[in-house]
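*Asks:* model this:
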Amino acid sequence: MSETLFQKIAARQIPAAIVYEDDQVLAFRDIHPQAPVHVLIVPKRVIPRIAEAGPQDQALLGQLLLKAAEVAQILGLANGYRLVINNGPDGGETVPHLHCHILGGRHMAWPPG
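*Replies:* Numbering: from 1, shown residues only. Sure thing, here's the model as predicted:
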């Protein structure tokens, strides 16, 4: 199985504007931002999508959400932000590597897309 785009970014094979990294997750700016602040946070261990996560992924999924909140704070999103996880083609998923979008810097309308 070939590496995902996000694995290549984590391995520094593809450049990215990294805003946070630790041993479990990596956060970087989206190259096609949908808000003034648009950062992706990805687990370094590949889970293809949330629908394929299992009990063994519970701790990593919790870490992903906690770190998303920490990154949002680092990015100065004190007025709020939106977290989005796409699942499958109809859900807007384009990379088969679970990731969370952190969107902020403007008021978010509801309902989304």
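
*Asks:* and the longest strand seen in the chain, which strands flank it?
*Replies:* Ranked by residue count and defined by DSSP state E, the top strand of the chain is strand 37-43. Strand 37-43 sits in its sheet next to strand 25-29 (antiparallel), strand 100-104 (antiparallel), going by DSSP bridges.

*Asks:* Please identify which of those is closest to residue 70.
*Replies:* Residue 70 lies closest to strand 25-29 among those, at 9.1 Å (C-beta to C-beta). Any C-beta I mention is one placed from the backbone N, CA and C, and that applies to glycine too.

*Asks:* next one: the closest one to chain centre, how far?
*Replies:* Distance, stretch centre to chain centre, for strand 25-29: 7 Å (C-alpha atoms, centre = their mean, to the nearest Å).

*Asks:* I would like the residues contacting that strand, please.
*Replies:* The contact list for strand 25-29 (C-beta atoms under 8 Å, 6 or more residues apart in numbering) reads 6, 9-10, 16-21, 38-44, 63-64, 67-68, 71, 102.

*Asks:* could you flag which of those residues are buried?
*Replies:* Buried residues within those, counting neighbours by 16 or more other C-beta atoms under 10 Å: 6, 9-10, 16, 19-20, 38-44, 64, 67-68, 71, 102.

*Asks:* nearest residue to residue 14 other than its sequence neighbours?
*Replies:* Spatially, and ignoring its direct neighbours in sequence, residue 14 is nearest to residue 8 (4.6 Å; C-beta to C-beta, 6 or more residues apart in numbering).

*Asks:* per-residue confidence at that neighbour?
*Replies:* Looking at residue 8, its pLDDT is 96.

*Asks:* And what about it, helix, strand or coil?
*Replies:* Put simply, residue 8 is helix when judged by DSSP: H, G, I helix; E, B strand; the rest coil.

*Asks:* What's the biggest helix in this structure, counting residues?
*Replies:* Criterion DSSP state H: the longest helix present in the chain is helix 58-74.

*Asks:* got the angle for that helix vs strand 25-29?
*Replies:* 40 degrees (axes from the mean of the first three to the mean of the last three C-alpha atoms, to 10 degrees).
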